[in-house]
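# based on what follows, work out the 3D shape:
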Amino acid sequence: MPKKSLSRPEEFLHFLKKYIGADWMLELRASDLILCDKEMLERDYEGREADLLYRVGMPDGEEVYVFILQELQSSVDYTMIFRILVYVVNTLVKHFLDTDKNTRERAGFRLPAMVPIVFYNGQERWTAVTNLRDYQRGDIFGNHILNLEYYLVDLAQVEEEYILSTNTVLDNIMYCDKFRKKLELAGAIRRAYGRVEGLGRQELEEFRNWVKYILLSVCGDKMAVVEEILSWAGNGEDDMAFKYNIVRMFEEEREEGKAEGKAEGKAEAILDLLGEVGAVPEALREKILGQKDLEILRGWLKLASASRTVEEFENLFMK
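Purely as a prediction, here's the structure:
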């Protein structure tokens, strides 16, 4: 989920109302939300900070701070509630100390509410506890122990039809983000691309930038491949041709990956053999690892197996 989209109050409000929908959120307007400066973002015990922090003006005049942590990884973080606890405490301590001493010692002084949200896009179901009470031992103490709870948006549990029931850049990115297999992802991008085209030039550019980022990770950082896929998505080509081209492109990528993998394997085998007869100089190691021609590597492998010392290999290697 892109930070850029959620940095717009309108988009963040859409996210709150559609994907969380707590009663207190439903009457909010975009003008009630103010994105806080990066300087206000505190860090948790591992030095990580929240992705976004908003100051929200409530209808009764009170202010609430809403922050979101995007857990963009495949595995569940079972320490999440503790991370949030540390983040909340750090933020409130900073707020307390930044408040004038005379003000904070008055009877009516109150700390602002801190509302945490966790967005998770992994395929494994989120099974970590969502409140601090369940993270502590001692369930006989009731409300006499500290508690804290976060809102969870587990993308894998959100139905595709529900995501696509509205059409914003954020909705379309969340829809695509549900898919991990290459062809399914390509199909989702194709569908979302057609929806985003009707939103406007700025929205389309934002979506394209997100797609580039995702496809580059899938296609081995090859921009030419990504641009070709995007051109297919946007030129009105029929679905059969689009799918054929996607399959062809991914097959080519896979074959190239196999060849690179074979080269790396042979280079490592050469270094293993040489390592048994002596220390391999760094310059020689780099030359071997940098070679991608399988025929040359096969020849070097024979040399390495016949060499009694690294120096002997180097002498034959230089010929």
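
# list the contacts of R201.
With contact set as CB atoms under 8 Å, 6 or more residues apart in numbering, R201 has no partners. All C-beta atoms are positioned from the backbone trio N, CA, C, and that covers glycine.

# for it, what are phi and psi?
For R201, the backbone dihedrals are phi -60, psi -40 (criterion: degrees, to the nearest 10).

# likewise the one 4 residues further on?
When read as degrees, to the nearest 10, the backbone of E205 gives phi -60, psi -40.

# that one: neighbouring residues, count only.
12 (other CB atoms under 10 Å).

# of all the residues in the helix or strand harbouring R298, which ones are buried?
Element membership for R298 (DSSP states H and E) is helix 294-306. Of the residues in helix 294-306, L297, W300, L301, L303, A304 count as buried by neighbour count, 16 or more other CB atoms under 10 Å.

# now do stretch 88-102
Buried residues in stretch 88-102, defined by neighbour count with 16+ other CB under 10 Å: V88, N90, T91, L92, H95.

# these two touch, right, the last one and M114?
No: the pair H95 and M114 fails to qualify as a contact (CB atoms under 8 Å) at a distance of 9.2 Å.

# that older thread, which residues sit against the helix holding R298?
259, 262-263, 266-267, 269-270, 273-274, 288, 291, 313, 316-317.

# got JSON lines for the buried residues of stretch 88-102, with pLDDT, secondary structure and distance to V169 too?
Shown next, in JSON lines, are the buried residues of stretch 88-102 (pLDDT from 0 to 100; DSSP: H, G, I helix; E, B strand; the rest coil; distance: CB to CB, whole Å):
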{"residue": "V88", "pLDDT": "94", "secondary structure": "helix", "distance to V169": "30"}
{"residue": "N90", "pLDDT": "92", "secondary structure": "helix", "distance to V169": "32"}
{"residue": "T91", "pLDDT": "92", "secondary structure": "helix", "distance to V169": "29"}
{"residue": "L92", "pLDDT": "93", "secondary structure": "helix", "distance to V169": "33"}
{"residue": "H95", "pLDDT": "92", "secondary structure": "helix", "distance to V169": "32"}
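
# rewinding a little: farthest-separated two in the contacts of helix 294-306?
Farthest apart among the contacts of helix 294-306 by CB to CB are A259 and L316. That separation is 25.5 Å.

# neighbour count winner among these two?
More crowded of A259 and L316, by other CB under 10 Å: L316, with 15 against 12.

# how about the helix or strand where that one lies: buried residues?
Assessed by DSSP H and E, L316 sits inside helix 310-317. Neighbour-count burial for helix 310-317 flags V310, E312, F313, E314, F317 (criterion: 16+ other CB under 10 Å).

# again with stretch 283-294
Of all the residues in stretch 283-294, those buried under the rule 16+ other CB under 10 Å are L284, R285, I288.

# how far off centre is it?
Mean C-alpha position of stretch 283-294 versus that of the full chain (CA atoms, centre = their mean, to the nearest Å) differs by 33 Å.

# change the start of the numbering to 43 and stick with it
New numbering, starting at 43: the last item is stretch 325-336.
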